[in-house]
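Novice: The amino acid sequence is not available; the structure is as follows:
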């Protein structure tokens, strides 16, 4: 098992999870984070840190494995992030919104550390 980041992270991008990860397996996109599934040690300390519940065990992924695939793909190209940054100023506006993948996802990388 591994943990994955799902669409609740998009446009919210809280980084409390990054601070507690013992193996630095988070990667930063322009408007969300992903977890590298081959680096995640399944410790689960990141899951309760996310205020919008965007981190889930991969056993709770969509039936087609959409989120595991997305996390795997972008963890290979986005920069690693190990330090917490300020989340976007308008994060509260998007915190409870659903369907954010289709509306807002950006494949562009973030800046990393």
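Specialist: Nice, I can see it. This structure is a prediction, so every number in the text was calculated from the model and none was measured.

Novice: Just the buried residues of the worst-scoring helix or strand of the chain on mean pLDDT, please?
Specialist: Comparing every helix and strand of the chain by mean pLDDT, DSSP states H and E singles out helix 91-94 as the least confident one, with a mean of 93. Of the residues in helix 91-94, residue 94 count as buried by neighbour count, 16 or more other Cβ atoms under 10 Å. From N, CA and C alone the C-beta is placed, and that goes for glycine too.

Novice: helix or strand right after it?
Specialist: The element immediately downstream of helix 91-94 (helix or strand, assigned by DSSP states H and E) is helix 100-104.

Novice: Show residues contacting that following helix.
Specialist: Identification of contacts with helix 100-104 by Cβ atoms under 8 Å, 6 or more residues apart in numbering yields 7, 8, 10, 11, 31, 94, 97.

Novice: Of those residues - the most surrounded one?
Specialist: Neighbour counts for the contacts of helix 100-104 (other Cβ atoms under 10 Å) peak at residue 10, which has 25 neighbours.

Novice: So for that residue, what's the pLDDT?
Specialist: The pLDDT attached to residue 10 in the predicted structure is 97.

Novice: Please name the nearest non-neighbouring residue to it.
Specialist: Using Cβ to Cβ, 6 or more residues apart in numbering and skipping residues adjacent in sequence, the residue nearest residue 10 is residue 100, 4.0 Å away.

Novice: Can you tell me how far the one you found is from residue 93?
Specialist: 11 Å (Cβ to Cβ, to the nearest Å).

Novice: who touches both of these two?
Specialist: Residues touching both residue 100 and residue 93 comprise residue 11, with contact defined as Cβ under 8 Å, 6+ apart.

Novice: thinking again about what came up before, the least confident helix or strand of the chain packs against which elements?
Specialist: Using 3 or more Cβ pairs under 8 Å, 6 or more residues apart in numbering; DSSP states H and E as the contact test, no helix or strand touches helix 91-94.

Novice: From the chain's centroid, how far away is it?
Specialist: With Cα atoms, centre = their mean, to the nearest Å as the basis, helix 91-94 stands 16 Å off its chain's centre.

Novice: Equivalent analysis for stretch 20-28, please.
Specialist: The chain centre lies 10 Å from the centre of stretch 20-28; the measure is Cα atoms, centre = their mean.
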